[in-house]
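Undergrad: Sharing a model that was predicted from the sequence below.
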Protein chains: 4
Amino acid sequence: MSPRNPSFSGVIPPVVTPLTTDGELDTKSLERLVGFLLEGGVTGLFALGSSGEMAYLTPRQQDAVIDVIVGAAGGQVPVLVGAIEPTTNRVIERAEMAAKRGADAIVTTAPFYARTHESEIERHFRTVASAVPLPLLAYDIPVCVHSKLAVDQLLSLAADGVLAGVKDSSGDDVSFRRLALAGAEVPRFALLTGHEAVVDAMLLGGADGSVPGLGNVDPHGYARLDAAARAGDWRTARTEQDRLARLFDIVLAADTATASGTAAGLGSFKTALMLRGIIDTQVVSPPMRPLDERETETVRAHLVRAGLL
Amino acid sequence: MSPRNPSFSGVIPPVVTPLTTDGELDTKSLERLVGFLLEGGVTGLFALGSSGEMAYLTPRQQDAVIDVIVGAAGGQVPVLVGAIEPTTNRVIERAEMAAKRGADAIVTTAPFYARTHESEIERHFRTVASAVPLPLLAYDIPVCVHSKLAVDQLLSLAADGVLAGVKDSSGDDVSFRRLALAGAEVPRFALLTGHEAVVDAMLLGGADGSVPGLGNVDPHGYARLDAAARAGDWRTARTEQDRLARLFDIVLAADTATASGTAAGLGSFKTALMLRGIIDTQVVSPPMRPLDERETETVRAHLVRAGLL
Amino acid sequence: MSPRNPSFSGVIPPVVTPLTTDGELDTKSLERLVGFLLEGGVTGLFALGSSGEMAYLTPRQQDAVIDVIVGAAGGQVPVLVGAIEPTTNRVIERAEMAAKRGADAIVTTAPFYARTHESEIERHFRTVASAVPLPLLAYDIPVCVHSKLAVDQLLSLAADGVLAGVKDSSGDDVSFRRLALAGAEVPRFALLTGHEAVVDAMLLGGADGSVPGLGNVDPHGYARLDAAARAGDWRTARTEQDRLARLFDIVLAADTATASGTAAGLGSFKTALMLRGIIDTQVVSPPMRPLDERETETVRAHLVRAGLL
Amino acid sequence: MSPRNPSFSGVIPPVVTPLTTDGELDTKSLERLVGFLLEGGVTGLFALGSSGEMAYLTPRQQDAVIDVIVGAAGGQVPVLVGAIEPTTNRVIERAEMAAKRGADAIVTTAPFYARTHESEIERHFRTVASAVPLPLLAYDIPVCVHSKLAVDQLLSLAADGVLAGVKDSSGDDVSFRRLALAGAEVPRFALLTGHEAVVDAMLLGGADGSVPGLGNVDPHGYARLDAAARAGDWRTARTEQDRLARLFDIVLAADTATASGTAAGLGSFKTALMLRGIIDTQVVSPPMRPLDERETETVRAHLVRAGLL
């Protein structure tokens, strides 16, 4: 549909991080999950993203996650690794570690916690990019970072070769469309959407691919959706997306009187993967709580309805 | 694609309110604009929406706008009228006036200015609906109202016959998709998107129609886009939308160092309509400023590029 | 403590608007309330503020409120009247009406609902001030208006004679202190705090007076607090404020699972006034709900503890 | 004024972290700064707070800062150390390290980055407190953390011995007053304000002490202010605070067209300390920029006016 040649495209799920009952990394489950995703047809793996519980893992745990995913991927698809820390030097430290351990690309956000500024965001991405010899993708997630990356800034960073792409979880469709329309200028720049419930719409609007948290649970579905869209078969893409959008209601299973949105979302993905037999537990990191029995049954019902159990 | 039979669908632009150089309603220009829109193929008219400068018009001016639009429409298409006030009694007062003057439906938001609550929003819509004998549409526009209408609330109000539809300007795609998926349950409930730059994507995702501010400037384009989507010709729909999304950059013409986003947006629509010869001035209400000469030239360049001049 | 000569000072409660059981203005109760406030030692009355339910009253009701308060005040203290509408022309219309009906000053906010801009806020206040031949006070209430008035802007509008004062409900102490420190430059400019729980602290920091919603319930207490602070007796001021701050917990009486903060606050003031025998009902405007029996008992307990029943 | 016996009180500045021109910790300058603060009469030191550039320092750098401050303090005053990370396990890791290196108390925020929930905040503080054998203070700073700690939650955590105090940088005076009023119940719970421009007002309202970033620049002033307030001499306290509030305008020296609020604030403190001869450079961490020459002259003028140069 366009002469784009993005550095990354297709379905690149943000891999969840399975934990043992005592809260440590469950290596075996993570290996099984990577195998499941590869078998499901994903075109990349995003380690240590929001769905990967990155913000909850200590540096040592993060290192272990990278090692397992890189090892299990075995070079079949690129492994993008999140280096998501409040400020520049801390991002660089994590990005260098990821590079050393075999990452194929680094994903980072604008600075957070401390109040920041467009000029600092600019300096941040440029400094990280020159410090780390890997493609760098910007992660635009205002709900966590509390600032939105500006379209013009992203485009100029792309044109200068600082950014190889963006994972957009901003919910700002108009900005996204502007990025897509300017794509002809920077054909290698990868536009990836993080909104798993509207991937068909984003692909119609010019996305190169998706980073669907729900893709952990149903990689085959996202692979079919992506293939249909690429073939211009939008009716099929929409039908597949409608099924996945219904499945996405698993994130509503948890009682939000006692769970954060993060715990509800992550917890439902892990619960679904446990129910599908891919990972061993539904444990999430403190201070989140796991889904309880009743909530687990709700997830199970959704899986059955979606044809996954 | 679904057995929906929505009460409103297609292209329903929020009609801008042309002003004379001394800031009064320009009746002749408004009549010409309505004629232009009808000729362009719109399926409804939304008077006194955000693009209609509703928040800037006194009650007397609002009455005049309704009279002109209802008169000029002449029953060819339904006229939806905004009754947008901070609280229930004030909305009812305006809605009754609109009904008396010939409106076919009322559009209103959740309460604003004073802090509100989901239970108050519920009571608000129910009270307005029972007071006014016209179909009622909810206007979901968090950027103005500072609260988001909940999907479940909208669906239950729809199921109870309180709401005939929603104009979604929330930018929350996931909520919108949830509304669309639940559409089979309430086939008359109209899902209208207010995001003019991504109408193709929203139609793919299940919208029944659009309320595009930019539709004032290029109603023919939106009509073609809508027709293509209805025919399942998504390639054509996307191409048309891409052209319109580029045209939408007219809202970036104004220097935001001295203009609000509202002034930039409204001002560019009025300027474009003036340049196209539909309305006489680019005047906007105080405290906004109109676009200046340089900004006007930027708008002109966009119109030329879009094939509209 | 400073050579200030502010246009307004002391205790200027935002007068609540008593309603009959069928939701209309309760004239007798409002007259009694004004008498109670004057007897309590207030130095001014603020009609149609947030506590006055301004956002919930139709223009006709607002007119009636002004008439009753101006009449009952009988020139003993100045009557400030809120003209709080989304944009300039609508504010002017209401301000002119208030002036005609005997207001001594007008209080207005920055534009709201539509997105605005510092330059528009500037034009807004200047345009209103030149249209209305009464002192104009700015009402800084970001929780309703969703923008904060800038210190430098307020100071320059004060210096130019556009603004006679500000009612600060912003919760931004640092800005408030900056305004107070710059006070020597504009001795007539009145700095009034809207935060009834910390009036002692604000007076210590340079406020000229207060606009306490809770002052409806206990005007005598606020008058004592104000007098002690003026006399430099901060120990007494603090003790009085501590009592009033505890009394302010009546705003927590309502169950926020079913009431907005506005309904909880307004509702508790009205309930307390009903229990004290000043007004007849605790009715609030739709879509708010009144306090229920249990909540009313909680308010009663607070009044007893505060020595008011 | 009350039978309080808080665990921490008085003036506890958040110590800035001096850097060398190549961005590494400037040990000599930090030692001089600690000596200056002790000589100025502070009653505690807060290492690795927001003013300490905590969010910008790698774990290794943070360790070095603790070592220098603990060493230079030499047991004369307690050293509170920030362990400020997005989630529980990461906080515990940093808190254990601080404990090992001689911290007297730990300061931590609610979880940030990932969306959180009141129940998770509760679990977060409880889990950290039981993991680390040091007093724990909550840091309430919504501008960074994007959630506000609830008064009732703080009080129950205090009553249970989980929290030894709170550093309030929330700007929510009413909540603060509620905490202060409930203080009789939990006499050891320390109420510390982070708002350096209104310390007099907060002490009047019941604060036990202050954590003033500006206290780095003028510890003597804050010590005088604190002493006057403790003596009930509010006139002197206010006069001192007025001087300090004017001095606080150094945070406005930087051009915010090119600097974040954080860079402007931290940069001005460091610049002032450099001009006063306490530290060697005005260098700040990337991606912030240091103040330029013109901005430095503005800071100098403020210091001269405040009698500090």
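TA: Cool, got the structure. Numbering: from 1, shown residues only, chains lettered A, B, ... in the order given.

Undergrad: For the residue of the stretch 201-309 of chain A found nearest chain B, give me the pLDDT.
TA: Nearest residue of the stretch 201-309 of chain A to chain B, counting by CB to the nearest CB: A:Ala201, 3.5 Å away. (C-beta placed from N, C-alpha, C; glycine too.) On the pLDDT scale, A:Ala201 is placed at 97.

Undergrad: isn't it right up against B:Val198?
TA: Yes: here A:Ala201 reaches B:Val198: they are 7.3 Å apart, a contact under CB atoms under 8 Å.

Undergrad: For A:Ala182, grab phi and psi.
TA: Per-residue torsions, A:Ala182: phi -80, psi 0 (degrees, to the nearest 10).

Undergrad: Against A:Ile141, how distant is it?
TA: 21 Å (CB to CB, to the nearest Å).

Undergrad: out of these two, which sits in the more crowded spot?
TA: A:Ile141 (24 against 19; other CB atoms under 10 Å in any protein chain shown).

Undergrad: What distance do you get for the closest residue to the more buried one other than its chain neighbours to A:Gly209?
TA: Nearest residue to A:Ile141, sequence neighbours excluded (CB to CB, 6 or more residues apart in numbering or on different chains): A:Ser169, at 4.2 Å. According to CB to CB, A:Ser169 and A:Gly209 sit 14 Å apart.

Undergrad: list the residues that contact both of the two?
TA: Shared contacts of A:Ser169 and A:Gly209 (CB atoms under 8 Å, 6 or more residues apart in numbering or on different chains): A:Thr193.

Undergrad: so how many other residues sit close to A:Asp218?
TA: 26.

Undergrad: can you check A:Glu118 too?
TA: Neighbours of A:Glu118 (other CB under 10 Å): 16.

Undergrad: what's the answer for A:Arg305, then?
TA: 13.

Undergrad: contacts for stretch A:57-73?
TA: Against stretch A:57-73 from outside (CB under 8 Å, 6+ apart): A:15, A:17, A:24-25, A:27, A:30-31, A:34-35, A:38, A:45, A:47-48, A:52, A:54, A:79, A:81, A:94, A:97-98, A:101-103, A:285, D:59, D:89-90, D:93.

Undergrad: Please, a PyMOL command that selects the buried ones among the residues you listed?
TA: Entered in PyMOL, the line below selects the buried ones among these, by 16 or more other CB atoms under 10 Å in any protein chain shown:
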select buried, (chain A and resi 15+17+25+27+30+34+38+45+47+48+52+54+79+81+94+97+98+101+103+285) or (chain D and resi 89+90+93)
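
Undergrad: Out of the contacts of stretch A:57-73, which sit inside helices?
TA: A:27, A:30-31, A:34-35, A:38, A:94, A:97-98, D:59, D:89-90, D:93 (DSSP state H).

Undergrad: What strand or helix carries A:Asp152?
TA: helix A:151-159 (DSSP states H and E).

Undergrad: So for that helix, what gets flagged as buried?
TA: For helix A:151-159, by 16+ other CB under 10 Å, it's A:151, A:153-155, A:157-158.

Undergrad: can you check stretch A:161-175 too?
TA: In stretch A:161-175, counting by 16+ other CB under 10 Å, buried: A:162-175.

Undergrad: quick one: A:Ala129 and A:Ala158 touch, right?
TA: No: contact criterion CB under 8 Å: A:Ala129 and A:Ala158 do not qualify, at 11.2 Å.

Undergrad: Quickly list what's touching both of the two.
TA: Counting by CB under 8 Å, 6+ apart, nothing touches both A:Ala129 and A:Ala158.

Undergrad: and A:Ala263, what pLDDT?
TA: Taking A:Ala263 on its own, its pLDDT is 97.

Undergrad: what do you get for A:Met1?
TA: 45.

Undergrad: now the nearest residue to A:Lys28 once chain neighbours are set aside: how far from C:Asp26?
TA: Sequence neighbours aside, A:Asp280 is the residue nearest to A:Lys28 in space, at 7.4 Å (criterion: CB to CB, 6+ apart). Distance of A:Asp280 to C:Asp26, given as CB to CB: 67 Å.

Undergrad: More neighbours: these two, which one.
TA: C:Asp26 (21 against 16).
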